[in-house]
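Student: have a look; sequence and predicted model below, questions after that.
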Amino acid sequence: MLKKLLKYEYKSVSRILVPAILGTIALALLTAVLFKISYTFLPPENEVIIEEGVVVGVSMTNNILSVILLTLLIFSIIAIIASVFVIGFILLQRYYKNFFGDEGYLTFTLPVKTSAHLTAKLISGVFWMLLGGIGVVISVFVLVVFGTAEKGQIINKEVLDTFSMLFKELFEMVGVGDGVAYIIELVLLILIQCIAQMLLFYLAITLGSIIAKKHKVLTSVGMYLGINAAAGTIINIIAAIVFGKVYITNNLSVFANSAHLFFILFIVLYSVISVVVFILINDLLRRKLNLE
Amino acid sequence: MNNILECYNLSKFYSGVPALTNLTLSIPKGKIIGLLGPNGSGKTTFIKIAAGLLTPTTGSITIDGNAPGVETKSYVSYLPERTYLSSWMKVSDIIAMFSDFYPDFDVPRANDMLKRLGVSTNAKLKTLSKGTKEKVQLVLVMARRAQLYLLDEPIGGVDPATREYILNTIITNYNENSTIIISTHLITDIEKVLDEFLFINKGQVVMSGSVDSVREEKGMSIDELFREVFKC
């Protein structure tokens, strides 16, 4: 059943999110290509001003291309930021409408367990959040690495070099084994934090829809702010207690170990939050559902 | 067990306001039952509790021995009083979805009914009129081989010719063991298909019985009886 639910989840959401993500990347690509062309063909006074690998501006002339370039760059940056909001909005709207709107009349008369419904929404939500994140990274990468390449070159090697330097330094500082461990921990932390975040959003909408008779969306927003503050406080208190006991030192190996502890602690905390919130939402859907 | 649905002392309050109060009734298998009552009498609330969309405040309800849940949803076919279709889907998409989730959904039967009603399976739901959407929903619900059909105002939004076709579909297409509960105000239209009736008001059963006995004993139609019982 979960597979079938995921299929319809994907069908419903992808028709908006795939164009949104691909569109953002395409716009970044177009901007980068036009910058490239302007390098190659424009006279020097129309050059794009670059400082330390970052586009600072285009020297203004009467040339229309410069104006187009700047506008495109601005649009591209806005699109990248907007894509994050669009993805969030579409996912939360899907949850609200499919569970508590008119569509809920079909959703909750399907012979499917509420836990399967919730799992499908969670997998879909985390999948698109991560995909959106990857889309943003690609767009920024395209703008920076391709868009700012010097004349005659396709990519800006400086930026890439800075990245590889960063990794090299990390590995040198903590050792290759530890470095790999950090990267795995970081990826895990991002994943589990995405899951926890999505569930907190879903919990807020569920509570808002079940408790409020009117202004369900507004109540959900309020619920989210409250829940988020509560979860943040709990995490901070536990982290303070744990780290208060860790010996603060300038010895690198001790510091490295406490950093592992930091990652693992947050992974565990967000996992616990995820499990508790999942059980809570499932219970609310099972026992308190009232589609009026 | 001869009853498909049983409820005992079933009550539902909406923030303190009663919609059902201590409703106790049993509905036998293999009958077409009219759930009739004035506006706000609790018809929709009762049907939604049976469908599993509302949680009762107190009391119990079972459908073929089970409380509303995953199990009952697999043999209860519910038609709500509103449109629940996602507007981005095509008619063929929603048919595929029903056949994915309901093992008792009969695709050829659904397609046949849609054809007779002149609804193209290629049409996007967004482009359909309200009445046509209602037809699609009714087809989806009636194309299942369910044990219990819960139809909330099934003919309210469609023209008299379609009404006729729908009622014919209801009587000719359901099998002997399944039960249909129809809630409606349009008593005259559905009277001829009903076996039994339940009058409810203010969340309680006011009167119930077989349609034929009312005709024989009182010489009245259900419509006439309704007007007498619920005289304003």
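Tutor: Nice, thanks for sending it over. Numbering: from 1, shown residues only, chains lettered A, B, ... in the order given.
Student: next, count neighbours for the residue of the stretch 151-292 of chain A found nearest chain B.
Tutor: The minimum distance from the stretch 151-292 of chain A to chain B, using Cβ to the nearest Cβ, falls at A:Leu291 (4.5 Å). C-beta coordinates here come from the backbone N, C-alpha and C atoms, glycine included. Residues lying near A:Leu291 (other Cβ atoms under 10 Å in any protein chain shown) number 21.
Student: mind listing the strands in the chain by residue range?
Tutor: If you meant another chain, say so; for now it's chain A. A:48-51, A:54-58 (DSSP state E).
Student: try chain B instead
Tutor: B:3-14, B:17-28, B:32-36, B:58-63, B:76-79, B:148-152, B:179-183, B:196-201, B:204-210.
Student: and the second one, what does it pack onto?
Tutor: Think strand B:17-28. Strand B:17-28 sits against strand B:3-14, helix B:43-51, strand B:179-183, strand B:204-210, with contacts defined as 3 or more Cβ pairs under 8 Å, 6 or more residues apart in numbering or on different chains; DSSP states H and E.
Student: of all the ones you listed, which one is nearest chain A?
Tutor: helix B:43-51 (5.5 Å).
Student: from the chain's centre, how far out does the closest one sit?
Tutor: In terms of Cα atoms, centre = their mean, to the nearest Å, the centre of helix B:43-51 is set 9 Å apart from its chain centre.
Student: okay, the strands of chain B in TSV with mean pLDDT and mean neighbour count next?
Tutor: Listed next are the strands of chain B as TSV, based on pLDDT from 0 to 100; neighbours: other Cβ atoms under 10 Å in any protein chain shown:
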stretch	mean pLDDT	mean neighbour count
strand B:3-14	92	18
strand B:17-28	91	17
strand B:32-36	93	25
strand B:58-63	95	18
strand B:76-79	95	25
strand B:148-152	94	23
strand B:179-183	93	25
strand B:196-201	92	21
strand B:204-210	90	15
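Student: mind giving me the domain ranges of chain A?
Tutor: Following automatic domain parsing, one finds the domains of chain A at A:9-154, A:175-292.
Student: the shortest one: end-to-end distance?
Tutor: The one in question is domain A:175-292. The straight-line separation of the ends of domain A:175-292 (Cα to Cα, to the nearest Å) is 60 Å.
Student: distance of the one residue sitting closest to the centre of chain A from chain B?
Tutor: Of all residues in chain A, the one closest to the mean position by Cα atoms, centre = their mean is A:Gly133, 4.2 Å from it. With distances taken as Cβ to the nearest Cβ, to the nearest Å, A:Gly133 is found 25 Å from chain B.
Student: in chain A, which spans are helices?
Tutor: Secondary structure of chain A, counting by DSSP state H: helices at A:2-41, A:64-100, A:104-107, A:114-141, A:157-174, A:176-211, A:216-244, A:252-287.
Student: where among those helices is average confidence lowest?
Tutor: Looking at these, the lowest mean pLDDT belongs to helix A:157-174 (a mean of 82).
Student: number of residues surrounding residue 128?
Tutor: Answering for chain A, as no chain was given. 25.
Student: wait, chain B
Tutor: The burial count for B:Leu128: 19, using other Cβ under 10 Å.
Student: what's the nearest residue to it if we skip its chain neighbours?
Tutor: Nearest residue to B:Leu128 in three dimensions, chain neighbours excluded: B:Val136, at 6.9 Å (Cβ to Cβ, 6 or more residues apart in numbering or on different chains).
Student: residue contacts, the one you found?
Tutor: B:85, B:91, B:94, B:114, B:119, B:125, B:128 (Cβ atoms under 8 Å, 6 or more residues apart in numbering or on different chains).
Student: what parts of chain B come near chain A?
Tutor: Residues of chain B lying close to chain A (Cβ under 8 Å from any Cβ of the partner chain) are B:14-15, B:48, B:51-55, B:70-71, B:73-74, B:76, B:78, B:80, B:82-86, B:88, B:93, B:97, B:100-102.
Student: one more time with 6 Å, if that's ok
Tutor: B:51, B:53-55, B:70, B:73-74, B:78, B:80, B:82, B:84, B:86, B:100-101 (Cβ under 6 Å from any Cβ of the partner chain).
Student: write a PyMOL command that selects only the buried members of these.
Tutor: The following PyMOL line selects those of the residues of chain B next to chain A that are buried, judged by 16 or more other Cβ atoms under 10 Å in any protein chain shown:
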select buried, chain B and resi 51+53+54+73+74+78+80+84+86+100+101
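Student: how about the residues of chain B next to chain A, which pair is most distant?
Tutor: B:Thr55 and B:Asp100 (26.9 Å; Cβ to Cβ).
Student: now the closest residue in space to A:Val144 that isn't next to it in sequence: how far from A:Ile77?
Tutor: Closest residue to A:Val144 apart from its sequence neighbours, by Cβ to Cβ, 6+ apart: A:Val159 at 5.6 Å. For A:Val159, the distance to A:Ile77 (Cβ to Cβ, to the nearest Å) stands at 17 Å.
Student: how about the residues of chain A near chain B?
Tutor: Going by Cβ under 6 Å from any Cβ, the residues of chain A near chain B are A:4, A:102-103, A:105-106, A:108-111, A:113, A:290-291.
Student: top of those residues by neighbour count?
Tutor: Compared across the residues of chain A next to chain B, A:Thr109 has the highest neighbour count, 26 neighbours, by other Cβ under 10 Å.
Student: I figured it hits B:Tyr78, correct?
Tutor: Yes. Here A:Thr109 lies in contact with B:Tyr78, judged by Cβ atoms under 6 Å, at a distance of 5.0 Å.
Student: joint contacts of these two?
Tutor: Common neighbours of A:Thr109 and B:Tyr78 are listed as B:Ala51 (criterion: Cβ atoms under 6 Å, 6 or more residues apart in numbering or on different chains).
Student: please list all residues in contact with the most centrally placed residue in chain B.
Tutor: Taking Cα atoms, centre = their mean, the centroid of chain B lies closest to B:Leu151, which sits 1.4 Å from it. Contact analysis of B:Leu151 by Cβ under 6 Å, 6+ apart lists B:79, B:182.
Student: if I look at A:Ile87, how far off is A:Lys4?
Tutor: The value you get for A:Ile87 to A:Lys4, if Cβ to Cβ is used, is 24 Å.
Student: and B:Asn39, by the same measure?
Tutor: Taking Cβ to Cβ, one finds B:Asn39 at 38 Å from A:Lys4.
Student: now swap in B:Pro28 and tell me
Tutor: From B:Pro28 to A:Lys4 the distance is 34 Å (Cβ to Cβ).
Student: same deal with B:Ser86?
Tutor: 15 Å.
Student: A:Gly135 too?
Tutor: When A:Gly135 is compared with A:Lys4 (using Cβ to Cβ), they lie 27 Å apart.
Student: need the pLDDT of the residue nearest to B:Leu128.
Tutor: pLDDT, B:Val136: 92.
Student: any stretches of chain B with poor pLDDT?
Tutor: Within chain B, the segments meeting pLDDT under 70 span B:1, B:173.
Student: switch to 80 and redo it
Tutor: B:1, B:156-157, B:170-176, B:232 (pLDDT under 80).
Student: show me the beta-bridge partners of B:Thr62.
Tutor: Residues in a beta bridge with B:Thr62, per DSSP bridges, are B:Glu6.
Student: before we move on, back to that, grab the nearest non-local neighbour of the residue of the stretch 151-292 of chain A closest to chain B.
Tutor: Using Cβ to Cβ, 6+ apart, the closest residue to A:Leu291 is B:Leu53 (4.5 Å).
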